[in-house]
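Undergrad: Sequence first, then the predicted structure:
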Amino acid sequence: MGKYFGTDGFRGEANENLTFEHAIKIGRFLGWHYGARLDKKARIVIGKDTRRSSYMFEYALCTGLMASGADAYIMHVTTTPSVSYITRVDGFDCGIMISASHNPYYDNGIKIVNGNGEKMEESTLLLIEAYLDGAFEVPDAKRHEIGRTVDYVAGRSRYIGYLISMSRYSFRDIKVGLDVANGAAWSIARNVFDALGARTYVMNDKPDGYNINTDCGSTHIEHLQKFVREKGLDIGFAYDGDADRCLCVDEKGNVVTGDHILYIYGLYMKERGKLLNNKVVTTVMSNFGLYKAFDKVGIEYEKTQVGDKYVYENMIRNGHRIGGEQSGHIIFTKYATTGDGILTSLKIMEVMLAKGRPISELAAPVVFYPQVLKNVRVKSKPEAQKDPDVQAAVKKVADELGDEGRILVRESGTEPVIRVMVEAGSNELCEKYVDSVIDVIRAKGHIV
């Protein structure tokens, strides 16, 4: 990760550590990098979520792009995966999404994808960071070189059509609940489900610039659980602010996590001979119960560090077809280059309809192990991690758990924190083993 760009873009509080000046300069760089530098006019597409500050960043990015000679195509309020899709299929030089995903309204972010719709290469992000820090200048466009904006709401409509085409089944008379989080899915999700014949019930679909992710969406799934039970729905889906993740609620009101989704669709692919390499890609934060369920049906798996960026890189490098995170970022490389919450919903509907079984039965084989996660603020993350006594304590726990649980000790990517997590047969065991490791970290003087 660089100085400004993390695993999911440049994110921060609007006009605090992510300012409109940053956005103008990012636009300036991208317009020059893909245009004047190559002696052509760059074409760059932009989408945004419903945050109030997204409009400011949209105009700032457009200003920078046009000043460097690029044409900015504006999709308006739309989802992150739609920007990725349109960038790829309509031949744009790159795409920009303005969103801070599941963060509160006062935060925002700038996510950049390359011409293939994939997260931008590290080398380009480092050049942007150097420009932001004044390492070099880019020239202003003059006369006929100056760029313009183009209304490109048609791109969003084409993406909706693409999603509708993904379904092999009619959803006629199926009662589906959608929590669109007062975010980007607000303008897309209902259209898709209605077109496929569902009886669609939508909540949190009145964005006002401030209520995105506020007590709603995938980070507050309890409201969808209640909604599904009260309305007697067959299934419910909850998205985050930019709709690149999806969690599910079964007909009984129980949560179906990203881990469950990986199992349900991974098994469906295996049964049809579509699970290339017989592997599903997960992160280290997937629950131990998922791996137990995979073992029972003969599905292999790989584990990456936390972040859908790393899941996707592993999938492309090794030719795997499905991967994701417990949080609901699910990637189907045959259909998308990023997590796509609405596409994930359609894929779960496909399995449910193909098998003629309720989602509760499909998810039942994944039995979550109790989990305890504690964060410890330390003076130095590397020193605490590499301490021989800490490593010995971790190994002791791993040996005692054997194949009936696991321990994970990892560094936070954004804070001076070590995360100690144990999954075992009971909460009491988890607490005992987590505390035993933290006690050693404390005794060795690593804790602040």
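TA: On my side now, so go ahead.
Undergrad: pLDDT weak spots in this structure?
TA: Scanning the chain for pLDDT under 70 picks out the ranges 1, 413-414.
Undergrad: Going along the chain, name the helices of the stretch 201-350 of the chain.
TA: Assigned by DSSP state H, counting those that start in this stretch, the helices in the stretch 201-350 of the chain fall at 222-231, 258-271, 288-297, 308-318, 341-355.
Undergrad: Show me the protein divided up by domain.
TA: For the chain, automatic domain parsing gives the domain ranges 5-153, 166-363, 371-443.
Undergrad: what's the first-to-last distance across the shortest one?
TA: Counting by CA to CA, to the nearest Å, you get 24 Å between the two ends of domain 371-443.
Undergrad: what about the helices of the stretch 201-350 of the chain, which gets the closest to Tyr131?
TA: Evaluated with CB to CB, the helices of the stretch 201-350 of the chain place helix 308-318 nearest to Tyr131, the distance being 22.0 Å. For the C-beta atoms, the positions are set from N, CA and C on the backbone; glycine is no exception.
Undergrad: circling back: turn the helices of the stretch 201-350 of the chain into JSON lines, columns for mean neighbour count and distance to Asp140.
TA: Shown next, in JSON lines, are those (neighbours: other CB atoms under 10 Å; distance: least, CB to CB, whole Å):
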{"stretch": "helix 222-231", "mean neighbour count": "18", "distance to Asp140": "49"}
{"stretch": "helix 258-271", "mean neighbour count": "23", "distance to Asp140": "46"}
{"stretch": "helix 288-297", "mean neighbour count": "18", "distance to Asp140": "53"}
{"stretch": "helix 308-318", "mean neighbour count": "19", "distance to Asp140": "33"}
{"stretch": "helix 341-355", "mean neighbour count": "22", "distance to Asp140": "40"}
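Undergrad: Name the residues of stretch 195-204 that come out as buried.
TA: 196, 198-204 (16 or more other CB atoms under 10 Å).
Undergrad: can I get those residues in TSV with distance to Glu118?
TA: Listed next are those as TSV, based on distance: CB to CB, whole Å:
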residue	distance to Glu118
Leu196	28
Ala198	31
Arg199	36
Thr200	31
Tyr201	35
Val202	31
Met203	32
Asn204	30
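Undergrad: Return the member of these nearest to Gly266.
TA: Once CB to CB is applied, the member of the buried residues of stretch 195-204 that ends up nearest Gly266 is Leu196, at 23.5 Å.
Undergrad: My guess is that closest one contacts Phe171. True?
TA: Yes - when contacts are counted by CB atoms under 8 Å, Leu196 is listed as touching Phe171 (4.3 Å).
Undergrad: how long is stretch 174-193 from one end to the other?
TA: Start-to-end span of stretch 174-193 (CA to CA) is 10 Å.
Undergrad: now stretch 60-78
TA: When the termini of stretch 60-78 are compared using CA to CA, they are 18 Å apart.
Undergrad: let's have the chain start at 219 instead
TA: Sure, I'll start counting at 219 from here, so that last one is stretch 278-296.
Undergrad: Please identify the buried residues of that stretch?
TA: Quick answer for stretch 278-296 (16+ other CB under 10 Å): 278-296.
Undergrad: one step back: now the domains of the chain in JSON lines, with distance to Tyr377?
TA: JSON lines is the format used below for the domains of the chain (distance: least, CB to CB, whole Å):
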{"stretch": "domain 223-371", "distance to Tyr377": "4"}
{"stretch": "domain 384-581", "distance to Tyr377": "7"}
{"stretch": "domain 589-661", "distance to Tyr377": "30"}
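Undergrad: Figure out which of those domains is closest to Ile378.
TA: Of all the domains of the chain, domain 384-581 sits nearest to Ile378, with 5.5 Å by CB to CB.
Undergrad: List the contacts of Leu343.
TA: 220, 223, 330 (CB atoms under 8 Å, 6 or more residues apart in numbering).
Undergrad: ok, now how distant is the residue sitting furthest away from the middle of the chain from Cys280?
TA: Centroid-distance maximum for the chain: Arg361 at 40.8 Å, with CA atoms, centre = their mean. Using CB to CB, to the nearest Å, we find Arg361 at a distance of 19 Å from Cys280.
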